[in-house]
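1. here is a sequence with its predicted model. Questions after.
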Amino acid sequence: MSNRPDFYALLGLPRSATPEDIRRSYLKAAKRLHPDTNVGPGETELFLDVQLAYQTLSDPAQRSAYNSTLPPEEETSSVIDQQILISRTELSRTQESQLVYLLVKLSPNKKFIETASSVPLNVCIALDCSTSMNGVKLDIVKATAIQLIHKLKPQDIFSVVSFSDRAEVVIPASRQNSALKMGNRIQHLQTSGGTEILQGLQASLEEVRRFKNPNYINHIILLTDGHTYGDEKPSYELAQAAKEENIGISGLGIGSGWNDVFLDRLASSTGGHTMLVSQPDDIERLLTEKFADLSQTFSENVSFDYEIADGVEISYAFRLQPETSPIVIETPLQLGPIRRNWALSVLFEFRIKPQTLQNDNFSLIHGRLEIYSASLSMPIPPIPIEIRLSVVDNVVIETPPPILVQALSKLTLYRMQEKARREIAAGNLNSGANQLQKLATRLLAQGERNLAKTIMLEIEHIERDKNFSEHGEKQIKYGTRALFLPEERTL
Amino acid sequence: MIICPNCKAQETDGAIFCSECGTQLAQPDSAQTQKFANDTEELRSEIFYVDDGPNQGSTWITLHLLETGDIFPISERDEFTLGRLSENQPIEPDIDLTPFKAFDNGVSRLHAVIRRNKGNAVVVDLGSSNGTYVNGLRIMPNIEQPLRHGDIVALGKLKMQIVMS
């Protein structure tokens, strides 16, 4: 490419962008890069380029003159490599429901990994200091937090909020605080009262907001060991607000007494995820890993704005990697992050009702992936997605791509676990235990003996107590989720 | 509607795995099998299938290690894992291949599983480092690959022939 920047890339637009698109992207970019607000080196120059780009592209005559100087669109390299796999290309014109599976994998283009700058963090740890955290749990959390402080880079922003039935800012968000002073404050944390997660989230969000910056990774890490009562709904609303401001939330649940369903929904609606800390010893490893992963961020979150054909629903969406997690079905979908060393893969299940198949050609879903990245100075053009299937009277059974089958084989196990939970929650103990039995059999066949054993023990527990044990329920859920972890992280 | 061959659950058209028992419904390997059918033309004449049921308890499959000539007849179980034992290993393989230079040949600790499925034998690679090969072609991990009499299965570089009975 020549020295002159590609104006379309600069504004994050495809060549076919409408004047309205151009105006909107320009306003967005200008707001971010304006000399009054920008922080990064070179951004004022970038602002001038954006000005020039808008001047050129907003004038039809200048735009067409400029277009003729550009190389053909195919030759320009894209920032994100995408891979889209689908389980079938044909639908049957039948009077039955049909399923279609779709796997979308997004990885950063190698060239851009090198040019992307390392992004500073703006992270708040929201720490549950209710009475139940007392003892070894809190001691390990304190020790880990202090270690993390020593690992911070000078430009990182770090804050700690402790909460029980009220929240307290232990370390206010700031840069280059004295590590010793921060460590002392953390040492003095004490436990009291119950768990009110909303309190902790509110205070943490305030801290992150104070230095909220599009060039930072803005994130809240919630550590809790208990149930929150009555404040679930406002907590979800708060997560929504956080997502709108590009602030992610992740949850670490310690022990077995926390509400995984609540925390999963809270985190995944921001593109984040939850982890189970089964023993206090794991806190250190998981929290350190989380920090390392955040600093490897290429894109904090990919959002999928879509329209779906009538009579079609997304019946399931699941992020295989990074940070395995179910995805809340909503519009737009928050698919999650792309790490430099770890591609984003999401698996979708579509359920199609029979009466909708009139034409020979069926548009299952169309929309665009919006990829937000603080590590690149230029916005990434949205990736259009359109999946079309042909409709035939007699379907030839197709061979789905092996990668899709492989991912589905693991997802099936996770969903068997979910099904068993639903059955048992509904009081159908026998069918729930049956389902678990089948899951254990599958796991044994795959050599996952420890997890299979955990499930067998849990079946005995269910027969005895007529319900899941909180411990077993989470072990099985996060155990089947851990099956997705690759031995090595690969793109 | 698809009926699961394992548990008879009814699954929606287009499903790839049974949501009830986790069995794979669509067999993605059929196309691949046809592709290399030519290579095994002479073996196909020997193909015969084992009946399920009456053979319970008797040897249904035998592994014949090509390099050393050792033979493992399998009778009691319908499913067995192959690998090598090492220290501090939580899950032990049913057949330990350590005496047959498993390590040098690149066999993982839990390498593959062979199981009986409706009278047919299948092999599943358990995500091994060096892969499992059937007649020289690497198979996808965690996906069932049907085995026939005379097939050569390689765990890494350790080769064995499948003898069905």
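-> Perfect, I can see it now.

2. now do the residue nearest to B:Ile139 when sequence neighbours are not counted against chain A, distance only.
-> Across the structure, with C-beta to C-beta, 6 or more residues apart in numbering or on different chains as the measure, the residue nearest B:Ile139 apart from its sequence neighbours is B:Gln145 (4.5 Å). For every residue, glycine as well, the C-beta is placed using N, CA and C. Distance check for B:Gln145 against chain A: by C-beta to the nearest C-beta, to the nearest Å, it reads 11 Å.

3. surely B:Gln145 and B:Ala121 touch.
-> No. In terms of C-beta atoms under 8 Å, B:Gln145 does not count as a neighbour of B:Ala121; the distance is 9.8 Å.

4. run through the chain and note the low-pLDDT ranges.
-> No chain was given, so I picked chain A. In the prediction, chain A carries residues with pLDDT under 70 at positions A:1-5, A:38-42, A:71-77, A:115-117, A:176-177, A:356, A:377, A:486-491.

5. other chain: chain B
-> For chain B, applying pLDDT under 70 flags the ranges B:26-57, B:88.

6. closest residue of it to chain A?
-> B:Gly14 (3.6 Å; C-beta to the nearest C-beta).

7. what is the neighbour count of the residue lying closest to that residue once chain neighbours are set aside?
-> Ranked by C-beta to C-beta, 6+ apart and with sequence neighbours excluded, the top spatial neighbour of B:Gly14 is A:Leu99, at 3.6 Å. A:Leu99 sits with 19 neighbouring residues when counted by other C-beta atoms under 10 Å in any protein chain shown.

8. A:Ile171: what secondary structure?
-> Secondary structure, DSSP: H, G, I helix; E, B strand; the rest coil: A:Ile171 is strand.

9. neighbours of the residue nearest to A:Gly255 when sequence neighbours are not counted, how many?
-> Distances taken as C-beta to C-beta, 6+ apart put A:Asp225 closest to A:Gly255, at 5.0 Å, once the chain neighbours are dropped. A:Asp225 is flanked by 21 other residues according to other C-beta under 10 Å.

10. check A:Val392 too.
-> A:Val392, neighbours per other C-beta under 10 Å, totals 14.

11. across the sheet, point out what pairs with it.
-> With DSSP bridges applied, the residues forming beta bridges to A:Val392 are A:Ser92.

12. how much space separates it from A:Asn359?
-> From A:Val392 over to A:Asn359 the distance is 12 Å, taken as C-beta to C-beta, to the nearest Å.

13. just the strands in the stretch 301-450 of chain A please.
-> For the stretch 301-450 of chain A, the strands defined by DSSP state E, counting those that start in this stretch occupy A:312-321, A:325-326, A:333-339, A:344-352, A:361-372, A:383-392.

14. and those: which comes nearest A:Gln475?
-> Closest to A:Gln475 of those, according to C-beta to C-beta: strand A:325-326, at 17.2 Å.

15. measure stretch A:211-228 end to end?
-> The stretch stretch A:211-228 measures 28 Å between its terminal residues, going by C-alpha to C-alpha, to the nearest Å.

16. which positions in chain B make contact with chain A?
-> Proximity of chain B to chain A is assessed by C-beta under 8 Å from any C-beta of the partner chain, with B:1, B:7, B:12-22, B:24, B:26, B:28, B:30-32, B:79, B:81, B:90-91, B:110, B:113, B:115, B:124, B:126-127, B:129, B:140-143 identified as the residues in range.

17. buried members of these into ChimeraX, please.
-> The following ChimeraX command selects only the buried members of the residues of chain B next to chain A, with burial defined by 16 or more other C-beta atoms under 10 Å in any protein chain shown:
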select /B:12,13,14,15,16,17,18,19,20,21,22,24,26,28,32,79,81,91,110,113,115,124,126,127,140,141,142,143
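
18. got the contact list for whichever residue of chain A sits closest to chain B?
-> Here the residue of chain A nearest chain B is A:Leu99; by C-beta to the nearest C-beta that distance is 3.6 Å. If a contact means C-beta atoms under 8 Å, 6 or more residues apart in numbering or on different chains, then A:Leu99 has A:Ser87, A:Ser315, A:Glu349, A:Phe350, A:Arg351, A:Ile352, B:Thr12, B:Asp13, B:Gly14, B:Ala15 as its contacts.
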